[in-house]
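Asker: next come a sequence and a model predicted from it.
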Amino acid sequence: MVPRQPVITLDGPAGAGKSTVARRLAKELDLKFLDTGSMYRAFTWAALERGVDLRNPDALVQLIRGSLLDFQGGRILLDGWDITDEIRAERVTKNAVHVADPPNVRGELVRLQREFGEEGGLVTEGRDQGTVVFPDADFKFYLDAAIGVRAKRRVEELKKRGEPATLEEISRGIADRDERDRRRKVGALRVPEGAIVVDTSDKTVDQVVAELLSHIRK
(Lines give C-alpha, C1' and ligand atoms only; values in the text may rest on other atoms or scores of the structure.)
Protein backbone atom coordinates (compact mmCIF):
# COMPACT_ATOMS: atom_id res chain seq x y z
CA MET A 1 0.00 0.00 0.00
CA VAL A 2 1.38 3.39 -1.05
CA PRO A 3 1.56 5.76 1.95
CA ARG A 4 -0.60 8.88 1.74
CA GLN A 5 1.34 12.02 0.85
CA PRO A 6 1.16 14.94 3.28
CA VAL A 7 -1.03 18.02 3.32
CA ILE A 8 0.97 21.17 4.11
CA THR A 9 -0.80 24.46 4.92
CA LEU A 10 0.57 28.01 4.82
CA ASP A 11 -1.60 30.67 6.44
CA GLY A 12 -0.97 34.34 7.03
CA PRO A 13 -1.91 37.89 5.99
CA ALA A 14 -1.82 39.26 2.45
CA GLY A 15 1.67 40.05 1.18
CA ALA A 16 3.56 37.75 3.55
CA GLY A 17 4.82 35.67 0.63
CA LYS A 18 2.50 32.67 1.01
CA SER A 19 1.81 32.07 -2.68
CA THR A 20 5.42 32.32 -3.84
CA VAL A 21 6.75 30.17 -1.00
CA ALA A 22 3.97 27.58 -1.27
CA ARG A 23 4.51 27.24 -5.02
CA ARG A 24 8.24 26.72 -4.54
CA LEU A 25 7.67 24.30 -1.67
CA ALA A 26 5.28 22.22 -3.76
CA LYS A 27 7.85 22.05 -6.55
CA GLU A 28 10.65 21.03 -4.19
CA LEU A 29 8.49 18.24 -2.69
CA ASP A 30 6.80 17.26 -5.97
CA LEU A 31 3.33 17.94 -4.52
CA LYS A 32 0.25 19.71 -5.90
CA PHE A 33 -0.07 23.43 -5.20
CA LEU A 34 -3.36 25.12 -4.33
CA ASP A 35 -3.46 28.93 -4.42
CA THR A 36 -6.75 29.65 -2.63
CA GLY A 37 -6.34 33.39 -3.06
CA SER A 38 -6.47 32.85 -6.81
CA MET A 39 -9.70 30.88 -6.38
CA TYR A 40 -11.40 33.84 -4.71
CA ARG A 41 -9.94 36.21 -7.29
CA ALA A 42 -11.02 34.01 -10.18
CA PHE A 43 -14.67 34.03 -9.21
CA THR A 44 -14.53 37.74 -8.39
CA TRP A 45 -13.20 38.38 -11.89
CA ALA A 46 -15.89 36.13 -13.37
CA ALA A 47 -18.64 38.03 -11.54
CA LEU A 48 -17.28 41.37 -12.74
CA GLU A 49 -16.94 40.16 -16.32
CA ARG A 50 -20.32 38.42 -16.48
CA GLY A 51 -22.33 41.07 -14.70
CA VAL A 52 -23.14 38.95 -11.66
CA ASP A 53 -24.18 41.03 -8.66
CA LEU A 54 -21.30 40.80 -6.18
CA ARG A 55 -23.69 41.71 -3.36
CA ASN A 56 -25.93 38.71 -4.09
CA PRO A 57 -24.41 35.64 -2.34
CA ASP A 58 -26.90 33.22 -3.92
CA ALA A 59 -25.97 34.43 -7.40
CA LEU A 60 -22.28 33.98 -6.57
CA VAL A 61 -22.89 30.42 -5.36
CA GLN A 62 -24.61 29.63 -8.66
CA LEU A 63 -21.70 31.18 -10.55
CA ILE A 64 -19.22 28.97 -8.69
CA ARG A 65 -21.29 25.82 -9.17
CA GLY A 66 -21.69 26.53 -12.87
CA SER A 67 -18.00 27.20 -13.55
CA LEU A 68 -14.96 24.97 -13.98
CA LEU A 69 -11.80 26.19 -12.26
CA ASP A 70 -8.52 24.46 -13.04
CA PHE A 71 -4.82 24.91 -12.30
CA GLN A 72 -2.41 23.85 -15.04
CA GLY A 73 1.32 24.45 -15.12
CA GLY A 74 1.11 27.45 -12.83
CA ARG A 75 -1.73 28.99 -14.86
CA ILE A 76 -5.32 29.55 -13.71
CA LEU A 77 -8.08 28.52 -16.09
CA LEU A 78 -11.78 29.31 -15.71
CA ASP A 79 -14.02 27.46 -18.14
CA GLY A 80 -10.97 26.93 -20.32
CA TRP A 81 -9.89 30.59 -20.36
CA ASP A 82 -6.46 31.54 -19.01
CA ILE A 83 -7.15 34.37 -16.53
CA THR A 84 -3.87 34.21 -14.60
CA ASP A 85 -2.93 37.83 -15.30
CA GLU A 86 -6.43 39.33 -15.25
CA ILE A 87 -7.15 38.29 -11.66
CA ARG A 88 -4.21 40.32 -10.33
CA ALA A 89 -5.84 43.64 -11.32
CA GLU A 90 -6.57 46.04 -8.47
CA ARG A 91 -10.32 46.08 -9.28
CA VAL A 92 -10.38 42.34 -8.54
CA THR A 93 -8.43 42.81 -5.30
CA LYS A 94 -10.86 45.48 -4.10
CA ASN A 95 -13.94 43.38 -4.83
CA ALA A 96 -12.74 39.95 -3.66
CA VAL A 97 -14.25 40.64 -0.23
CA HIS A 98 -17.70 39.96 -1.72
CA VAL A 99 -16.66 36.40 -2.55
CA ALA A 100 -14.60 35.83 0.60
CA ASP A 101 -17.05 37.11 3.21
CA PRO A 102 -20.56 35.60 2.80
CA PRO A 103 -20.63 32.27 4.69
CA ASN A 104 -22.47 30.34 1.96
CA VAL A 105 -20.12 31.58 -0.78
CA ARG A 106 -17.01 30.89 1.26
CA GLY A 107 -18.42 27.49 2.21
CA GLU A 108 -18.73 26.61 -1.47
CA LEU A 109 -15.07 27.40 -2.04
CA VAL A 110 -14.00 25.52 1.09
CA ARG A 111 -15.80 22.50 -0.37
CA LEU A 112 -13.82 22.83 -3.60
CA GLN A 113 -10.56 23.18 -1.66
CA ARG A 114 -11.21 20.03 0.34
CA GLU A 115 -12.04 18.11 -2.84
CA PHE A 116 -8.75 19.26 -4.30
CA GLY A 117 -6.82 17.97 -1.29
CA GLU A 118 -8.78 14.85 -0.33
CA GLU A 119 -6.08 12.52 -1.68
CA GLY A 120 -3.23 14.36 0.05
CA GLY A 121 -0.01 15.37 -1.68
CA LEU A 122 -0.83 19.05 -1.40
CA VAL A 123 0.71 22.38 -0.43
CA THR A 124 -2.04 24.95 0.09
CA GLU A 125 -1.97 28.58 1.17
CA GLY A 126 -4.59 31.07 2.32
CA ARG A 127 -6.13 32.64 5.38
CA ASP A 128 -7.87 29.64 6.93
CA GLN A 129 -6.19 26.55 5.50
CA GLY A 130 -4.78 25.24 8.78
CA THR A 131 -7.72 26.40 10.89
CA VAL A 132 -10.85 25.62 8.86
CA VAL A 133 -10.14 23.79 5.60
CA PHE A 134 -7.46 21.31 6.69
CA PRO A 135 -7.33 21.43 10.53
CA ASP A 136 -5.68 17.98 10.56
CA ALA A 137 -2.93 18.90 8.08
CA ASP A 138 0.39 17.10 8.50
CA PHE A 139 2.38 20.35 8.61
CA LYS A 140 1.10 23.85 9.39
CA PHE A 141 2.96 27.12 8.90
CA TYR A 142 1.98 30.74 9.48
CA LEU A 143 3.91 33.32 7.44
CA ASP A 144 3.92 36.94 8.58
CA ALA A 145 5.75 40.17 7.70
CA ALA A 146 5.70 43.83 8.70
CA ILE A 147 3.01 45.94 7.01
CA GLY A 148 5.63 48.21 5.42
CA VAL A 149 7.37 45.24 3.83
CA ARG A 150 4.13 43.77 2.54
CA ALA A 151 3.02 47.12 1.12
CA LYS A 152 6.30 47.57 -0.72
CA ARG A 153 5.94 44.12 -2.28
CA ARG A 154 2.43 44.95 -3.49
CA VAL A 155 3.47 48.32 -4.93
CA GLU A 156 6.29 46.66 -6.89
CA GLU A 157 3.86 44.04 -8.19
CA LEU A 158 1.39 46.71 -9.36
CA LYS A 159 4.13 48.77 -11.03
CA LYS A 160 5.16 45.73 -13.06
CA ARG A 161 1.54 45.56 -14.25
CA GLY A 162 1.57 49.24 -15.13
CA GLU A 163 -0.95 50.14 -12.41
CA PRO A 164 -0.15 53.32 -10.41
CA ALA A 165 -0.05 52.97 -6.63
CA THR A 166 1.51 54.78 -3.68
CA LEU A 167 3.14 53.12 -0.69
CA GLU A 168 0.94 55.12 1.69
CA GLU A 169 -2.28 54.09 -0.06
CA ILE A 170 -1.33 50.41 -0.21
CA SER A 171 -0.08 50.39 3.42
CA ARG A 172 -3.38 51.81 4.61
CA GLY A 173 -5.29 49.28 2.56
CA ILE A 174 -3.27 46.36 3.95
CA ALA A 175 -3.73 47.55 7.55
CA ASP A 176 -7.49 47.84 7.00
CA ARG A 177 -7.62 44.40 5.43
CA ASP A 178 -5.65 42.85 8.31
CA GLU A 179 -8.15 44.27 10.79
CA ARG A 180 -11.14 43.03 8.78
CA ASP A 181 -9.57 39.59 8.31
CA ARG A 182 -8.98 39.15 12.04
CA ARG A 183 -12.56 40.16 12.87
CA ARG A 184 -14.32 37.98 10.29
CA LYS A 185 -17.02 35.66 11.63
CA VAL A 186 -16.05 32.98 9.09
CA GLY A 187 -12.47 32.05 8.20
CA ALA A 188 -10.87 34.69 10.42
CA LEU A 189 -7.12 35.24 10.16
CA ARG A 190 -5.36 33.57 13.09
CA VAL A 191 -2.42 31.30 13.79
CA PRO A 192 -3.55 27.65 13.44
CA GLU A 193 -3.11 25.40 16.44
CA GLY A 194 0.31 23.73 16.25
CA ALA A 195 1.55 25.95 13.41
CA ILE A 196 5.16 27.10 13.09
CA VAL A 197 5.31 30.90 12.73
CA VAL A 198 7.85 32.32 10.28
CA ASP A 199 8.51 36.07 9.86
CA THR A 200 9.48 36.70 6.22
CA SER A 201 10.22 40.44 6.59
CA ASP A 202 14.00 40.17 6.30
CA LYS A 203 14.26 36.84 4.48
CA THR A 204 14.52 35.94 0.83
CA VAL A 205 12.17 33.41 -0.73
CA ASP A 206 15.03 30.90 -0.83
CA GLN A 207 15.64 31.34 2.89
CA VAL A 208 11.97 30.89 3.79
CA VAL A 209 11.62 27.80 1.60
CA ALA A 210 14.76 26.30 3.13
CA GLU A 211 13.45 26.96 6.66
CA LEU A 212 10.13 25.26 5.93
CA LEU A 213 11.82 22.31 4.24
CA SER A 214 14.05 21.83 7.29
CA HIS A 215 10.99 21.50 9.52
CA ILE A 216 9.26 19.10 7.14
CA ARG A 217 12.28 16.86 6.62
CA LYS A 218 12.90 16.46 10.34
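Answerer: On my side now, so go ahead.
Asker: can you list the weak-confidence ranges in this structure?
Answerer: Low-confidence segments of the chain (pLDDT under 70): 1-3.
Asker: ok, the most centrally placed residue in the chain - contacts?
Answerer: The chain has Gly37 as the residue nearest its centroid, 3.0 Å off, counting by Cα atoms, centre = their mean. The contact partners of Gly37, taken as Cβ atoms under 8 Å, 6 or more residues apart in numbering, are 14, 18-19, 125-126. From N, CA and C alone the C-beta is placed, and that goes for glycine too.
Asker: got JSON lines for those, with distance to Arg184 and secondary structure too?
Answerer: Output for these, formatted as JSON lines (distance: Cβ to Cβ, whole Å; DSSP: H, G, I helix; E, B strand; the rest coil):
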{"residue": "Ala14", "distance to Arg184": "13", "secondary structure": "coil"}
{"residue": "Lys18", "distance to Arg184": "17", "secondary structure": "helix"}
{"residue": "Ser19", "distance to Arg184": "20", "secondary structure": "helix"}
{"residue": "Glu125", "distance to Arg184": "17", "secondary structure": "strand"}
{"residue": "Gly126", "distance to Arg184": "13", "secondary structure": "strand"}
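Asker: dump those residues to JSON lines, plus distance to Ile64 and neighbour count.
Answerer: Formatted as JSON lines, the contacts of Gly37 follow (distance: Cβ to Cβ, whole Å; neighbours: other Cβ atoms under 10 Å):
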{"residue": "Ala14", "distance to Ile64": "22", "neighbour count": "20"}
{"residue": "Lys18", "distance to Ile64": "22", "neighbour count": "28"}
{"residue": "Ser19", "distance to Ile64": "21", "neighbour count": "18"}
{"residue": "Glu125", "distance to Ile64": "20", "neighbour count": "29"}
{"residue": "Gly126", "distance to Ile64": "16", "neighbour count": "30"}
